[in-house]
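Q: Build me a structure from this.
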Amino acid sequence: MPIKREYLERNRTLWTTVREIMGEEYEDYLRYITSPSYRPYIRANTLKIEPKALKERLERKGFVLEDTVLPYAFRVLRYPSEMGKTLEHFLGYFYVQDLASMLPAHILNPRPHSFVLDIAAAPGSKTTLLSALMENTGMVFANDASMDRVRALVNNVERMGCLNVVVSIYKGEKLVRFYREYYDYVLVDAPCSSVGTLHKNPEVALWWSPKDVRTYSRIQYRLLVAGWQMLKPGGRLVYSTCTITYEENENVVEQFLSDTDATLLPVPEIGIGEIEGRIPGTKRFYPHRTNTEGFFIALFEKRI
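A: Numbering: from 1, shown residues only. Got it, this is the predicted structure:
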């Protein structure tokens, strides 16, 4: 169900903020998030089934799937029944996940047999993708501070058959006392104000405020620094959010670069209409341009 304009109009501050970010593209953006044009995506779980086999299986049931830039991801143009109630979903053959949400793990691209930290992992969409990319080898340390969210994480890890995942319930910024320079790869997909999901989570417009943005930006910075401290020399870290505010994205990255010796690497071109962020090398994904959630991604390397 797309967001109604009335939701935005109830929160003038949000409306003004989004308009300032989008500039001349604001009306295109607003038209997209208030229309039913968005179509969901699914990710084939390569630990259990080949993408081609999944596509054939679902299409026999009346699904219409479109290939994407990722070999294991499909855009669902038509689904005759609720995706979460299909046998294939129950068996862990696929995960309902936005294409932009797959990109942080895809860009991090951990090698098999490596050690990976997902510092804010629940409900597990990126954790389970990391596990699949690593072919169930090595270790994915999936941490989250929320007990309720960890329940969903555990459920998804089990459903998807991820045998190399260790689940932890702890404040991410405090993990560094145990794991300093321990991980080959770190994913900091940070909690955020979720403005990038307005087209499918209209309730965000009811609670969003600049105060929330400031609170989240402090949390994001702490998680980013902690993740960096737990990364081995020579390792790589991806920072991402599903929001579009500068305070939670470029401003956090700018402070992080000022306070550490991190090297910012250019995020690889995905080719779906993404644009460069205010900091060269970072990437922004706007719904009306990419047909995905709004997203931000930055990539860092720790020099040896």
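
Q: Residue 105 - that's part of a helix, no?
A: Yes - judged by DSSP: H, G, I helix; E, B strand; the rest coil, residue 105 forms part of a helix.

Q: burial count for it?
A: By the criterion of other Cβ atoms under 10 Å, residue 105 has 29 neighbours. C-betas here are computed from N, CA, C, even on glycine.

Q: Disregarding flanking residues, what is the spatial nearest neighbour of residue 61?
A: Leaving aside its sequence neighbours, residue 61 sits nearest to residue 80 (Cβ to Cβ, 6 or more residues apart in numbering; 6.8 Å).

Q: same check, this time on residue 119
A: Nearest one to residue 119, counting by Cβ to Cβ, 6+ apart, is residue 172 at 4.2 Å.

Q: longest helix of the protein?
A: Using DSSP state H to define each element, the chain has its longest helix at helix 210-229.

Q: domain assignment for this structure?
A: Taking automatic domain parsing as the criterion, the chain consists of the domains 41-96, 99-301.

Q: Span of the shortest one from start to end?
A: End-to-end distance of domain 41-96 (Cα to Cα, to the nearest Å): 6 Å.

Q: What mean pLDDT does that domain get?
A: Domain 41-96 comes out with an average pLDDT of 97.

Q: Likewise for stretch 126-136?
A: On average, stretch 126-136 scores 98.

Q: One more: stretch 172-184?
A: Averaging pLDDT along stretch 172-184 gives 97.

Q: Now do it: distance from first to last residue.
A: Stretch 172-184 stretches 17 Å from its first residue to its last (Cα to Cα).

Q: which outside residues touch that stretch?
A: The contact list for stretch 172-184 (Cβ atoms under 8 Å, 6 or more residues apart in numbering) reads 110-111, 114-117, 119-120, 141, 143-145, 168, 222-223, 225-227, 229-233, 235.

Q: ok, now with 6 Å
A: Stretch 172-184 has contacts (Cβ atoms under 6 Å, 6 or more residues apart in numbering) with 114-115, 117, 119-120, 143, 222-223, 226, 229-232, 235.

Q: Can you name the two of the residues you listed that sit furthest apart?
A: 114 and 222 (24.6 Å; Cβ to Cβ).

Q: what's the burial count for the residue nearest to residue 119?
A: Look at residue 172: counted by other Cβ under 10 Å, it has 25 neighbours.

Q: Now it. Its backbone dihedrals?
A: Main-chain torsions, residue 172, degrees, to the nearest 10: phi -60, psi -40.

Q: swap in residue 199?
A: For residue 199, the backbone dihedrals are phi -70, psi -20 (criterion: degrees, to the nearest 10).

Q: The longest strand seen in the chain packs against which elements?
A: In the chain, ranked by residue count with DSSP state E as the criterion, the top strand is strand 231-241. Counting contacts by 3 or more Cβ pairs under 6 Å, 6 or more residues apart in numbering; DSSP states H and E, strand 231-241 packs against helix 99-108, strand 183-189, strand 295-301.

Q: same thing but at 7 Å, please
A: Under the contact criterion of 3 or more Cβ pairs under 7 Å, 6 or more residues apart in numbering; DSSP states H and E, strand 231-241 touches helix 99-108, strand 183-189, helix 210-229, strand 295-301.

Q: Output those in CSV, with distance to residue 246 appended to each entry.
A: Converted to CSV, these look like this (distance: least, Cβ to Cβ, whole Å):
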stretch, distance to residue 246
helix 99-108, 18
strand 183-189, 18
helix 210-229, 9
strand 295-301, 9
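
Q: out of the ones you listed, nearest to residue 42?
A: helix 99-108 (9.7 Å).

Q: I'd like the mean pLDDT over that closest one, please.
A: 98.

Q: Nearest the geometric middle of the chain, what residue?
A: In the chain, the residue lying closest to the centroid (Cα atoms, centre = their mean) is residue 101, at 3.4 Å.

Q: which residues does it contact?
A: Applying Cβ atoms under 7 Å, 6 or more residues apart in numbering, one finds that residue 101 lies in contact with 125, 242, 293.

Q: Restricting to C-alpha, output stretch 195-212 in PDB.
A: This file holds the C-alpha atoms of stretch 195-212, laid out as PDB (Å, rounded to 0.1, in the frame of the first residue of the first chain):
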ATOM      1  CA  VAL A 195      12.900   7.800   5.300                       C
ATOM      2  CA  GLY A 196      13.900   5.600   2.400                       C
ATOM      3  CA  THR A 197      11.100   3.100   3.100                       C
ATOM      4  CA  LEU A 198       8.200   5.700   3.100                       C
ATOM      5  CA  HIS A 199       6.600   4.100   0.000                       C
ATOM      6  CA  LYS A 200       6.000   0.900   2.000                       C
ATOM      7  CA  ASN A 201       6.200   2.000   5.600                       C
ATOM      8  CA  PRO A 202       4.000   5.200   5.700                       C
ATOM      9  CA  GLU A 203       3.900   5.100   9.500                       C
ATOM     10  CA  VAL A 204       7.400   6.600   9.400                       C
ATOM     11  CA  ALA A 205       5.900   9.900   8.400                       C
ATOM     12  CA  LEU A 206       3.800   9.900  11.600                       C
ATOM     13  CA  TRP A 207       6.700   9.600  14.100                       C
ATOM     14  CA  TRP A 208       9.700  11.100  12.200                       C
ATOM     15  CA  SER A 209      11.400  14.200  13.700                       C
ATOM     16  CA  PRO A 210      14.700  16.000  13.500                       C
ATOM     17  CA  LYS A 211      15.300  14.900  17.100                       C
ATOM     18  CA  ASP A 212      15.100  11.300  16.000                       C
END
